[in-house]
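Fold the following.
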Amino acid sequence: MVTHSNVKNLVKILIGAAWIDGKIQPEERQYLREIAQAKGLASDPEIKPWLYELVPVQPEECYRWVQDYLGDRPSLEDCENLIEAISGLIYSDGDVAIEEARLLTELQDIAKPNGSTQPAHTGLLKQIQKLYRRWVEVQN
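Got it, this is the predicted structure:
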């Protein structure tokens, strides 16, 4: 369920991701302001100082927001959605800084352990399919 708090946290993460290389590019600035406006957060007292670059966001703060947003056991879908949102911002200026790439890589690494259960799940599905096929053959 998407709550106002989750949307606000996502916007904070996007602002942090824009600051992660030490400066906000003009394209990132435009992207952030459009997102904040669309989400109804452009005049939010907590968001406004970061959005209008009155207060910089330190990389550690951005990573802490990501951790708070995802929690201890993030789902693969949550990770993928966050990666997609951050990618939209990062690629808006056509230039990916090392710090931005590192953030995306770390998010992908967070998603991997959750995805590692996938092969076991796939194997189980294949076993069920084999049993079903045998059952169908026996019935004929």
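
could you check the distance from the residue nearest the centre of the chain over to residue 16?
Taking C-alpha atoms, centre = their mean as the criterion, residue 82 is the residue nearest the geometric centre of the chain, at 1.1 Å. For residue 82, the distance to residue 16 equals 12 Å [C-beta to C-beta, to the nearest Å]. To be clear about C-beta, it is placed using only N, CA and C from the backbone, and glycine gets the same treatment.

Could you pull out the residues contacting both of these two?
Listed as contacting both residue 82 and residue 16 by C-beta atoms under 8 Å, 6 or more residues apart in numbering are residue 66.

what about the residue nearest to the centre of the chain, helix or strand, and which?
helix 76-90 (DSSP states H and E).

now that helix: how far from the chain's centre is it?
Offset of helix 76-90 from its chain centre (C-alpha atoms, centre = their mean, to the nearest Å): 3 Å.

quick one on the thing from earlier: the residue nearest to the centre of the chain contacts residue 108, correct?
No. At 10.4 Å, residue 82 does not count as touching residue 108 under the criterion of C-beta atoms under 8 Å.

Please identify every residue contacting each of these two.
By C-beta under 8 Å, 6+ apart, no residue touches both residue 82 and residue 108.

Output the contacting helices and strands for the helix holding residue 82.
Counting contacts by 3 or more C-beta pairs under 8 Å, 6 or more residues apart in numbering; DSSP states H and E, helix 76-90 packs against helix 4-19, helix 26-38, helix 59-70, helix 98-115.

now the helix or strand that the second one is followed by: mean pLDDT?
Sequence order places helix 48-51 as the next helix or strand after helix 26-38, per DSSP H and E. Here helix 48-51 scores 94 as its mean pLDDT.

Now helix 48-51 - C-alpha only, CSV.
Extracted C-alpha coordinates of helix 48-51, given in CSV (Å, rounded to 0.1, in the frame of the first residue of the first chain):
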residue,chain,number,x,y,z
LYS,A,48,11.2,22.3,0.4
PRO,A,49,14.7,23.1,1.8
TRP,A,50,16.2,20.1,0.0
LEU,A,51,14.2,20.5,-3.1
